[in-house]
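Asks: Dropping a prediction and its sequence here:
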Amino acid sequence: MLLLSIGLYMLVTIAIGWWASTRVKNTRDFVMAGRRLPLVIAASAMFATWFGSETIMGAPSQFVDGGLIGVVEDPFGAALCLILVGAFFARRFYKMNLLTFVDFFRIRFSRTAELVAAILIVPSYFGWIAAQLVAMAVVLTALTGIPFHWGIILCTCVVVFYTYIGGMWAVSITDFIQTIIIIIGLVILAVSMAKAAGGVSTVLASTPQGFFHFLPEGNFHSIAHYVAAWITIGLGSIPQQDVFQRVMSAKNADTSVRAAYIGGFMYLTIGFIPLFIALAGRMLYADTGDGDPQMLIPQMVLRHSSTAMQALFFGALLSAILSTTSGAMLAPATIIGENLIKPYFKSVSDKSLLRIMRMSVVFVAILSAIMASWSANIYELVGQSSAFSLVSLFFPLALGMYWKRSSNVGALSSMTIGLAVWLFFEIRGSELPSLLYGAGVGLVVMVAASLLWPDKVKKA
């Protein structure tokens, strides 16, 4: 009964995506939903950017093991990212009327900077997409017993089909529906778990001393890791195409700013519900999640709710991850078509470009599925993805937008050297987070190279 209900739920979701696909007439519809989303749908899309596997499966397992300070990266860092986007980037991006985030590098710096940024940003998505595929495969394995790797293949095929036909219109509409359903499901489950555990105060009192400490210890090592946790997603996900697409899909600049603020607030508040559920679940069932901590909340649902509730929750969870993955696959596929292929084929028609973007979805999906097979840790995969874009793209974007003396040489140097330093310490190993080395060097190089080799022609 449960599997049948979930299957029907998923079919309805795909049908909605199919209906939305009828509104895709050109690349702008496919990438940015025609820039026509009202506030409520735009805010839901911003909120749903990461509200999937990371928040419901990855973060709760980190929370019960490491306490509140263990989830600084998500939901706190993720909420910070959306708030910063609304405060400093959304309006400027919207007014530039770009199709991709990488277009900024061409307009502000050079065609070479655009090419390098595109080459760097595409692989940064593989870890994020892989994390979503892992989450769907883990849930399917728990519910059906199918092997994990077959679950990844099945989930990849479903997401590719969904993304291929619907683009951003399908992502936005299903995000709105999934947001409502997943919130209802989480609230009902949280209330049920609280009652079973003897109340919220009882659950909170069951935690060990220091569990809710939010500040690091007063030594350099702890502070460095704390800062790294804040900026991994907080800054690292700002230079990302999926965030950019959601910003640009709003009907006007004011709507895009408000949507980012609302999405950040929703992420920070609603993101606490899975954490509480995990805490209550570990109190009620100490052995839950011992096999795979990422399955803590799904196991709570299976143990502690009716079949109807299970169908609602798992259907909404899988659909939410489906929408998140769809948007993530769409992002690099757009950049491949617009920034890596189109410049070399000047006469390509919009219809042909749309076809190229859709085929690029398949390419991205295959590589992400391979990466998902290598690593099954959702939290680590997400962190790697955000760190990649932080060390290579954040400072060229931020300084390029707000510092007039930023130069093409500075941007190129920061992108390549920052990434190289990060990779070096990732491979060599370090007591401090390797992204701090990469980001720090990237910032210094950006400033120094811009001052030493300024642009001959001043750019806006």
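Replies: Structure received.

Asks: Just the element for the nearest residue to Tyr285 once chain neighbours are set aside, please.
Replies: Spatial nearest neighbour of Tyr285, excluding adjacent residues (C-beta to C-beta, 6 or more residues apart in numbering): Arg303 at 6.4 Å. To be clear about C-beta, it is placed using only N, CA and C from the backbone, and glycine gets the same treatment. Here Arg303, judged by DSSP states H and E, is contained in helix 296-304.

Asks: how close does the residue nearest to Tyr285 sit to Pro274?
Replies: As judged by C-beta to C-beta, to the nearest Å, Arg303 and Pro274 stand 16 Å apart.

Asks: What helices and strands are in contact with the helix holding Arg303?
Replies: Contact here means 3 or more C-beta pairs under 8 Å, 6 or more residues apart in numbering; DSSP states H and E; on that basis helix 296-304 packs against helix 59-66, helix 111-144, helix 148-197, helix 272-284, helix 307-335.

Asks: hmm, 7 Å instead?
Replies: Contact partners of helix 296-304 among helices and strands, from 3 or more C-beta pairs under 7 Å, 6 or more residues apart in numbering; DSSP states H and E: helix 59-66, helix 148-197, helix 272-284, helix 307-335.

Asks: Other residues contacting that helix?
Replies: Applying C-beta atoms under 7 Å, 6 or more residues apart in numbering, the contact partners of helix 296-304 are 56-57, 60-61, 64, 139, 142, 189, 192-193, 196, 274, 277-278, 281, 285, 288-289, 310, 313-314.

Asks: So which residue is smack in the middle of the chain?
Replies: Nearest residue to the geometric centre of the chain (C-alpha atoms, centre = their mean): Trp50, 4.0 Å.

Asks: which secondary structure element contains the residue lying closest to that residue once chain neighbours are set aside?
Replies: Counting by C-beta to C-beta, 6+ apart, Ala78 is the residue found nearest to Trp50 once chain neighbours are left out, at 5.1 Å. According to DSSP H and E, Ala78 maps onto helix 78-84.

Asks: Turn the buried ones among the contacts of helix 296-304 into a named ChimeraX selection, would you?
Replies: Buried members of these, defined by 16 or more other C-beta atoms under 10 Å, are picked up in ChimeraX with:
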select :56,57,60,61,64,139,142,189,192,193,274,277,278,281,288,289,310,313,314
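
Asks: could the helices and strands packed on helix 296-304 be laid out in JSON lines, adding distance to Met96?
Replies: Below are the helices and strands packed on helix 296-304 laid out as JSON lines (distance: least, C-beta to C-beta, whole Å):
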{"stretch": "helix 59-66", "distance to Met96": "33"}
{"stretch": "helix 148-197", "distance to Met96": "18"}
{"stretch": "helix 272-284", "distance to Met96": "35"}
{"stretch": "helix 307-335", "distance to Met96": "16"}
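
Asks: so can I have JSON lines of these showing mean pLDDT?
Replies: Formatted as JSON lines, the helices and strands packed on helix 296-304 follow (pLDDT from 0 to 100):
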{"stretch": "helix 59-66", "mean pLDDT": "84"}
{"stretch": "helix 148-197", "mean pLDDT": "82"}
{"stretch": "helix 272-284", "mean pLDDT": "86"}
{"stretch": "helix 307-335", "mean pLDDT": "79"}
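
Asks: which one of the ones you listed has the most crowded surroundings?
Replies: Counting by mean count of other C-beta atoms under 10 Å, helix 307-335 has the highest mean neighbour count of the helices and strands packed on helix 296-304, with a mean of 25.

Asks: where's it relative to the chain centroid, distance-wise?
Replies: 12 Å (C-alpha atoms, centre = their mean, to the nearest Å).

Asks: Next secondary structure element downstream of it?
Replies: Following helix 307-335 in sequence, per DSSP H and E, is helix 350-374.

Asks: ok, and what's touching that next one?
Replies: 26-27, 30, 125-127, 129-130, 133-134, 149, 152-153, 156, 159-160, 163-164, 329-330, 332-334, 336-337, 341-342.

Asks: Could you pull out the buried residues of that helix?
Replies: Neighbour-count burial for helix 350-374 [16+ other C-beta under 10 Å]: 353-354, 356-358, 360-361, 364-365, 367-369, 371-373.

Asks: Ala42: which of those is nearest?
Replies: Met357 (21.7 Å; C-beta to C-beta).

Asks: separation between that closest one and Ser326?
Replies: 13 Å.

Asks: likewise Ile273?
Replies: From Ile273 to Ser326 the distance is 23 Å (C-beta to C-beta).

Asks: Name the SS class of Leu397, please.
Replies: Following DSSP: H, G, I helix; E, B strand; the rest coil, we place Leu397 in the helix state.
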